[in-house]
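K.L.:
Could you work out the structure for the sequence below:
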Amino acid sequence: MGLSKDVKKELLERHLVPKNCTKIDAPKLNPEIKAALSDMLIKKDKAIENKQTQVAAEKPPSAETETGSCPNFKPEASVPGSSASGSSEEVRADSHDDIALTAAAAAAAAAALSASPTPAPLDPPSQADVDCREVIRTALLKRSVPPSSLNIMIASLSKNSIKQYDVAIRRWVSFCRKNNIDIYEASTPMVIYFLTELFQLGLQYGSLNSHRSALSLILGSRVGSDDRITRLFKGFYRLRPPAPKYDITWDPAVVLEFLANWYPNNNLNLEYLTKKVVTLLMLVTAHRVQTIGKINLDNITINNNHQLISIKIHDLIKTSRPGSAQPYLNIPFYKDRPEICPAKTLVTYIDRTKPLRNNEKVLFISFKKPHKSVSTNTISRWIKDTLSVSGVDTSIFSAHSVRHAATSAAYRKGINIDTIRNTAGWNGNSRVFARFYHRDIQCNQSNQFALSILNTEAD
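P.N.:
Numbers count the residues shown, from 1 in each chain. Just a heads-up that it's a prediction; the model follows:
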């Protein structure tokens, strides 16, 4: 419809745009509507806008411009095979069609904001060409972060966080590619579509929160602060509330009575001695496996005439924050039952492994050659093996369940909740002194938690 290309070119050459008509522009797309449109629709609207601008430039002059503003206009000139009035009608028809198309684009945007989306299904997060760190780097650069600051900002993320976000970012890249969306400039409605699809796939509240955190690294804080996304997560919480990992726990006395059979310590082979000491340390400290894996020989101190072993943890752990105190572990000598004494077992382990270390300072090393330091996964496997042979159902309980069992047992035996919090590394008011003055403190209750666990008498 409308004028042919050759006719338009001829008209532009023969009739200049009047000076009083230079401000006739095509309507601009509303920014709110534009945010909800796909790249394809935006490009289509831009093409329509360019066409309407060109039509405005080609508009035949009116009678007023014939006599005044447009001296170059020649009344006798007309499009071959048609009258001037006919050409004007075609131009107006063409313009009306374009306006109708723009209205259709606006209607499509409104529908995108209100109707349920039908994005392409997510692929499994397995694209080999997606590098989580590089995606985050590119996102930061697009948000005007100086290149010299990139490595520092990336360093704020731990290895475990990067590993966790990697799955989320791969899923996001897959979703964006399937739906022709810019990874770094996606609209909030598209983020909602993405999160909703993950929810429909069965992801739990914690996993969805992890995906939101990953998207915040790419798209900025709006992912966490937008009221629509906040409302969406409230819905996630109500429809699929997070449940505790364990509804029940096991009795530490069962494991302690089993470990009492692994005695004397000097007669144990290195494998049994290793598994015994690491399980005892987990029970009497109630810390995470990560914390136990960070113990360094240089930070172990035997004091109070062999009444207590103190262990400082200087390396950063999961709960490390600016201004917070690092873990300080107290391991008592339990003389009432030396066969399950954690401090005595620890001293034996240190002496046994001393000639095998080759300057290895990390406490726990492999009981097989070449006796190198081990990962937290290995330590978890040792603990789980010990729980299994002790009679704990390891098809239900993992190594981390030691933390649940120990704190629950201490609470049942009447240990003050603040003492439990301090021992296990949870925040509590009783830690304010240590946080602000950075001094190593030992209160009178420092051993109560560990001693309550080692006392295997019935509650």
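
K.L.:
what about residue 298, neighbour count?
P.N.:
By other CB atoms under 10 Å, 8 other residues sit near residue 298. Yep, even glycine has a C-beta here, placed from its N, CA and C like the rest.

K.L.:
Verify the stated contact: it with residue 361.
P.N.:
Yes. Contact status for residue 298 versus residue 361: in contact at 6.0 Å, counting by CB atoms under 8 Å.

K.L.:
following the one helix or strand residue 134 maps to, which helix or strand shows up next?
P.N.:
Secondary structure assignment for residue 134, by DSSP states H and E: helix 132-142. The first helix or strand that comes after helix 132-142 along the chain, using DSSP H and E, is helix 150-154.

K.L.:
tilt between the very next helix or strand once past that following helix and helix 132-142?
P.N.:
Sequence-wise, the next helix or strand downstream of helix 150-154 (DSSP H and E) is helix 159-178. Here the directions of helix 159-178 and helix 132-142 differ by 70 degrees (axes from the mean of the first three to the mean of the last three CA atoms, to 10 degrees).

K.L.:
Which strands or helices does helix 159-178 pack on?
P.N.:
When contacts are defined as 3 or more CB pairs under 8 Å, 6 or more residues apart in numbering; DSSP states H and E, helix 159-178 sits against helix 132-142, helix 188-200, helix 205-219.

K.L.:
residue ranges of the strands in the stretch 301-450 of the chain, please?
P.N.:
Secondary structure of the stretch 301-450 of the chain (DSSP state E, counting those that start in this stretch): strands located at 308-312, 328-332.

K.L.:
Nearest to residue 275, out of the ones you listed?
P.N.:
Proximity of the strands of the stretch 301-450 of the chain to residue 275 was assessed by CB to CB; the nearest stretch is strand 328-332, lying at 16.9 Å.

K.L.:
ok so, going back, go through the helix holding residue 134 and flag the buried ones.
P.N.:
132, 135, 136, 137, 139, 140 (16 or more other CB atoms under 10 Å).

K.L.:
Stretch 344-354 now?
P.N.:
By neighbour count with 16+ other CB under 10 Å, stretch 344-354 contains the buried residues 344, 345, 346, 347, 348, 349, 350, 352, 353.

K.L.:
Tell me how many other residues crowd residue 233.
P.N.:
By other CB under 10 Å, neighbour count at residue 233 equals 16.

K.L.:
Please, which helix or strand holds it?
P.N.:
helix 227-239.

K.L.:
Show the model's pLDDT score for residue 107.
P.N.:
pLDDT for residue 107: 54.

K.L.:
from what I can see residue 356 touches residue 364, true?
P.N.:
No. In this structure residue 356 lies outside contact range of residue 364 using CB under 8 Å: 11.9 Å.

K.L.:
Compare those two (neighbour count), which wins?
P.N.:
Neighbour comparison, residue 356 and residue 364: the larger count goes to residue 364, with 23 against 14 (by other CB under 10 Å).

K.L.:
So that one sits against residue 274, correct?
P.N.:
Yes. With contacts counted by CB under 8 Å, residue 364 reaches residue 274, the gap being 7.0 Å.

K.L.:
Under the pLDDT cut-off, which ranges of the stretch 301-450 of the chain? List them.
P.N.:
Scanning the stretch 301-450 of the chain for pLDDT under 70 picks out the ranges 304, 306, 317-321, 323-324, 420, 424-449.

K.L.:
let's see it at 50
P.N.:
In the predicted model, the stretch 301-450 of the chain carries pLDDT under 50 at residues 429-445.

K.L.:
what are the ranges of the helices in it?
P.N.:
Using DSSP state H, counting those that start in this stretch, the helices of the stretch 301-450 of the chain run over 342-353, 376-390, 401-412, 417-424, 432-437, 448-454.

K.L.:
ok, the closest residue to residue 176 other than its chain neighbours - contacts?
P.N.:
In this structure, residue 176 finds its nearest non-sequential neighbour in residue 183, 4.8 Å apart by CB to CB, 6 or more residues apart in numbering. When contacts are counted by CB atoms under 8 Å, 6 or more residues apart in numbering, residue 183 touches 135, 172, 173, 176, 218.
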